[in-house]
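J.: generate a structure from the sequence data that follows.
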Amino acid sequence: MKVTVQGHHLDVGEALETHIKEKIEAINEKYFNRAVNVFVTMEKETKSLFKAHISMTVGKDIQVQGTAKTHDVYMAFDEAAEKIAKQLRRYKRKLRDHHEQIDESEHMKVLEYTLGTGLRDEHVDHLTDEEIESQDEPVIVAEMTTNIQTMTVSDAVMRLNLSGNNAMMFRNSKNGGINMVYKRQDGNIGWVDPQAINKAQGGNAVA
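T.: Model (predicted):
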């Protein structure tokens, strides 16, 4: 397992880096013992506020992430690490049962784009309607290749929770269709399955 520790606006000293690596090793050995890469970012956001972000790869494209902010740099990391540990504990058995189960042939490579958010709200009041319309188009600011994997809905929900992201696309192993799970504002998980409505309508797509 490779552990990389980075500091933003913060000099990560030897004592803190040792603390981080020892705790990551302990969590990995206790809950999974198959982590591949771990990236830890320690950031000083203000004079007295520290942010810790941990991203752990524990399998093929399985990401576990935890973030915490406190007024103590060690406590920020410890709280983020505790979030990682709780997630691994929750899915410990399922992760082991499904380890290496997904074959590379079941991956579909796609392009993923990052779009700029357009105009900021504070700028809108100073522009004409024509200027707003011309400047508020989304702009591609980054492009990368990513994998859409074949899995069950249950596995997709697990991976969504582990990643800390708000949404995830996957190929449904039951019907082969492209599906999406996402976090709702009420705390539940939403599931989008276009194949379900096509089947209900006899295979005719809705215009």
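J.: mind splitting this protein into its structural domains?
T.: Domain assignment for the chain by automatic domain parsing gives 2-97, 104-200.
J.: which of the ones you listed sits most buried?
T.: domain 2-97 (a mean of 17; mean count of other CB atoms under 10 Å). Using the backbone N, CA and C atoms, a C-beta is placed for each residue, glycine as well.
J.: what's the average pLDDT for it?
T.: Mean per-residue pLDDT for domain 2-97: 89.
J.: now stretch 168-184
T.: Mean predicted lDDT for stretch 168-184 stands at 89.
J.: what's the end-to-end length of it?
T.: Stretch 168-184 has its terminal residues 13 Å apart, counting by CA to CA, to the nearest Å.
J.: what about the strands in the protein?
T.: Along the chain, the segments classed as strands by DSSP state E run 2-8, 37-46, 49-59, 62-70, 107-115, 140-151, 167-172, 178-183, 189-192.
J.: okay if I get those as a markdown table plus distance to residue 30?
T.: Formatted as a markdown table, the strands of the chain follow (distance: least, CB to CB, whole Å):
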| stretch | distance to residue 30 |
| --- | --- |
| strand 2-8 | 16 |
| strand 37-46 | 14 |
| strand 49-59 | 13 |
| strand 62-70 | 14 |
| strand 107-115 | 30 |
| strand 140-151 | 25 |
| strand 167-172 | 26 |
| strand 178-183 | 27 |
| strand 189-192 | 27 |
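J.: looking at those strands, which is nearest to residue 16?
T.: strand 37-46 (7.2 Å; CB to CB).
J.: the closest one pairs with which strands?
T.: In the sheet, strand 37-46 lines up against strand 2-8 (parallel), strand 49-59 (antiparallel) (DSSP bridges).
J.: CA atoms only: put that strand into PDB for me.
T.: Taking Å, rounded to 0.1, in the frame of the first residue of the first chain, the C-alpha atoms of strand 37-46 are listed here in PDB:
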ATOM      1  CA  ASN A  37      -3.200   3.700  -2.700                       C
ATOM      2  CA  VAL A  38      -4.100   6.300  -0.100                       C
ATOM      3  CA  PHE A  39      -3.900  10.000  -0.700                       C
ATOM      4  CA  VAL A  40      -4.100  12.300   2.400                       C
ATOM      5  CA  THR A  41      -4.400  16.100   2.000                       C
ATOM      6  CA  MET A  42      -3.900  18.300   5.000                       C
ATOM      7  CA  GLU A  43      -5.000  21.900   4.400                       C
ATOM      8  CA  LYS A  44      -4.900  25.100   6.500                       C
ATOM      9  CA  GLU A  45      -8.000  26.900   5.400                       C
ATOM     10  CA  THR A  46      -7.800  29.800   7.900                       C
END
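J.: shift numbering so it begins at 709
T.: With the count now opening at 709, the last piece we talked about shows up as strand 745-754.
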